[in-house]
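Participant: Generate a structure from the sequence data that follows.
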Amino acid sequence: MEVFSALLNAVDAWIWGPPMIVLLFGTHLFMTVRTGFIQRKTFTGIRLSVTKDPDSEGDVSQFQALTTALASTIGTGNIIGVGTAVFLGGPGAVLWCWLTGVFGIATKYSESLIAVKYRVKTEDGRMLGGAMYALERGLPWKKFGKAMAVIFAFFAAVASFGIGCGTQINAIAEVVENNLPIGIPRIVIGIVFGIITAIVIIGGIKSIATVCEKLVPLMALFYVLGCIVILGINSDFILPALRTIVTLAFTPGAVAGGLVGRGIMVAMQYGVARGLFSNESGMGSAPLVASAAQTRNPVRQALVSATGTFWDTVVVCLMTGLVLVTTIMKNPQINMDMIQNGGQMTTAAFSQIPVIGPAILVIGIITFAYSTILGWSYYGERAAEYLLGRKAILPYKIIFTAIVVVGPVLALDLVWTIADILNALMAVPNLIAVLLLSGVIAKETKYYLAHLDEKDETEIPVVDK
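Facilitator: Below you'll find the predicted structure:
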């Protein structure tokens, strides 16, 4: 197992080295320019997210599509993932995580636009979309597009068991085990959540979206307000923490609280990796549900989907990073030499805040992680259906639920490493679609930003699934 773990870590370090950082961050920057800095329309997207286009085709409302996507993105990456980034990459990783979110808004917008534009529907009226349909239908090289589509769908289906299931239920089990006074066997936690998950996902996207549109706003509001209270307690260290984060994003060094910066490349590697894990911009996951939304035109839903990255990384991840750095700097009794992973760092930081700190951590991780399980079950289902047809849906749900049950007893660090690798492998074909279709994205953006209420009358193809 040690050899296997070392091999995975080596693969993870290689795949998240300079080439992946350049591809991911380069796409974010390129699409920011190509879309005319679409980030400026973030508040338009927020407004559209609470409107409805009931006269348009789709399975769920725009808000339900957004909250289902947010359910998947606002997960343990926002809490434990940020802690892991700080632990491995130093406080400077917070800046790179945040910048990944700011510029990632353009990529999330772009991938969602082509997902809606090239979506198809089944004979029974269900909407299907995502990178695989954009690759298959949008590219002029049909064999290449189909091959990339299959690769994306395969890695998306497999990744759903890791990023969307294994890491999440494992995090729930760990936080329950470490913070509740009564001992609950990990397998019992898995069984309970497995039953709850099966009940929800058996109803498909409408059942998942109904739960997510109620759960996500409440859990996010609770967590953000809790972080604001903690930052109020740590207010005297906010400015020093910000200076530390910016300084250590570019240079190695040590600061108060035993925090150590490891240089620009290490900070970038873990900041960008955890940023992608958190907001999933460029990974192609959120467009799978964006394509199911009722929307008048692709740009409207793309703007709504892009706000997911704003809420997830620009707001929630930044607040988590500030809470961690300010708390560790303010509390020198936190012994960084005794901390072995990002999860322990997060627990140590939040536990320094009487009453409210542990409560925010426990409730935040449980609700964030569980909502992610629900959202990713849909992503994986769509990928499995693309690969094997509708007959694959039920077996997929059974396997997914089984992993929820056994997930708590898996080694957390190993699962995180596998999830990191699968994230990158998913991102590559999706980013190829975004870059090769950037001309279409730019054209649609220019037209529909000037005609935002206009309905796209293009006929949606019907496929036999």
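Participant: what's the helix or strand hosting residue 63 packed up against?
Facilitator: Here residue 63, judged by DSSP states H and E, is contained in helix 62-73. Packing partners of helix 62-73 (3 or more C-beta pairs under 8 Å, 6 or more residues apart in numbering; DSSP states H and E): helix 42-49, helix 204-233, helix 287-290, helix 298-309, helix 356-388. Bear in mind the C-beta positions are built from the backbone N, C-alpha and C, glycine included.
Participant: how about low-confidence regions in this structure?
Facilitator: For the chain, the stretches with pLDDT under 70 are 1, 256-258, 277, 411-413, 465.
Participant: okay, which residue is most central for it?
Facilitator: The structure's the chain has its C-alpha centroid closest to residue 73; by C-alpha atoms, centre = their mean the separation is 3.0 Å.
Participant: Enumerate residues external to stretch 404-417 that contact any of its residues.
Facilitator: Residues outside stretch 404-417 that contact it (C-beta atoms under 8 Å, 6 or more residues apart in numbering): 5, 8-9, 12, 84, 162, 165-174, 186-187, 189-191, 193-194, 197, 341, 343, 373.
Participant: Filter those residues down to the buried ones.
Facilitator: Buried by 16 or more other C-beta atoms under 10 Å: 8, 12, 84, 162, 165-174, 186, 189-190, 193-194, 197, 341, 343, 373, out of these.
Participant: How much space separates the closest residue to residue 259 other than its chain neighbours from residue 301?
Facilitator: Closest residue to residue 259 apart from its sequence neighbours, by C-beta to C-beta, 6 or more residues apart in numbering: residue 91 at 5.3 Å. For residue 91, the distance to residue 301 equals 36 Å [C-beta to C-beta, to the nearest Å].
Participant: Equivalent analysis for residue 63, please.
Facilitator: The gap separating residue 63 from residue 301 is 11 Å, by C-beta to C-beta.
Participant: So if I had to pick from these two, which one is more boxed in?
Facilitator: Legend: neighbour count by other C-beta atoms under 10 Å for residue 63 and residue 301, higher for residue 301 (32 against 20).
Participant: what sits against that one?
Facilitator: Residue 301 sits next to 62, 65, 112-113, 116, 290, 293, 295 when contact means C-beta under 8 Å, 6+ apart.
Participant: Quick check on the residue of the chain positioned farthest from its centre: phi, psi?
Facilitator: Most distant from the centre of the chain: residue 333, at 32.8 Å, with distances by C-alpha atoms, centre = their mean. Recorded main-chain torsions at residue 333 are phi -70, psi -10, according to degrees, to the nearest 10.
Participant: Same question for residue 60.
Facilitator: When read as degrees, to the nearest 10, the backbone of residue 60 gives phi -140, psi 170.
Participant: Next, count neighbours for the closest residue in space to it that isn't next to it in sequence.
Facilitator: Counting by C-beta to C-beta, 6+ apart, residue 209 is the residue found nearest to residue 60 once chain neighbours are left out, at 4.4 Å. With neighbours defined by other C-beta under 10 Å, the count for residue 209 comes to 27.
Participant: Look up how far residue 452 lies from residue 54.
Facilitator: Using C-beta to C-beta, residue 54 is found at 17 Å from residue 452.
Participant: Compare the two and say which is more crowded by neighbours.
Facilitator: Shown here are residue 54 and residue 452; by other C-beta under 10 Å, residue 452 has more neighbours (15 against 7).
Participant: For the nearest residue to residue 76 once chain neighbours are set aside, grab phi and psi.
Facilitator: Using C-beta to C-beta, 6+ apart and skipping residues adjacent in sequence, the residue nearest residue 76 is residue 171, 4.3 Å away. Per-residue torsions, residue 171: phi -60, psi -40 (degrees, to the nearest 10).
Participant: Alpha carbons of stretch 397-411, as PDB, please.
Facilitator: Extracted in PDB, the C-alpha atoms of stretch 397-411 (Å, rounded to 0.1, in the frame of the first residue of the first chain):
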ATOM      1  CA  LYS A 397     -26.900   4.400  -8.800                       C
ATOM      2  CA  ILE A 398     -26.400   1.100  -7.000                       C
ATOM      3  CA  ILE A 399     -22.600   1.300  -7.200                       C
ATOM      4  CA  PHE A 400     -22.600   4.900  -6.200                       C
ATOM      5  CA  THR A 401     -24.700   4.200  -3.200                       C
ATOM      6  CA  ALA A 402     -22.500   1.300  -2.300                       C
ATOM      7  CA  ILE A 403     -19.500   3.600  -2.300                       C
ATOM      8  CA  VAL A 404     -21.300   6.000   0.100                       C
ATOM      9  CA  VAL A 405     -21.700   3.000   2.500                       C
ATOM     10  CA  VAL A 406     -18.100   1.800   2.400                       C
ATOM     11  CA  GLY A 407     -16.400   5.200   1.800                       C
ATOM     12  CA  PRO A 408     -16.000   6.100   5.500                       C
ATOM     13  CA  VAL A 409     -13.500   3.300   6.000                       C
ATOM     14  CA  LEU A 410     -11.200   4.300   3.100                       C
ATOM     15  CA  ALA A 411      -7.900   6.100   3.600                       C
END
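Participant: one step back: need the contact list for the residue nearest to residue 60.
Facilitator: Contacts for residue 209 (C-beta under 8 Å, 6+ apart) come out as 60-61, 64-65, 67-68, 289.
Participant: now swap in residue 371 and tell me
Facilitator: If you count contacts by C-beta under 8 Å, 6+ apart, residue 371 has them with 70-72, 74-75, 212, 215-216, 219.
Participant: The residue nearest to it when sequence neighbours are not counted: how many residues sit nearby?
Facilitator: Excluding the flanking residues, the one nearest residue 371 by C-beta to C-beta, 6+ apart is residue 71, at 3.7 Å. The local packing of residue 71 (other C-beta under 10 Å) involves 30 other residues.
Participant: Could you do residue 214 as well?
Facilitator: Residue 214: 11 surrounding residues under other C-beta under 10 Å.
Participant: all helices of the stretch 1-150 of the chain, in order?
Facilitator: Here the stretch 1-150 of the chain has its helices, by DSSP state H, counting those that start in this stretch, at 2-15, 18-34, 42-49, 62-73, 76, 82-89, 92-117, 131-138, 142-161.
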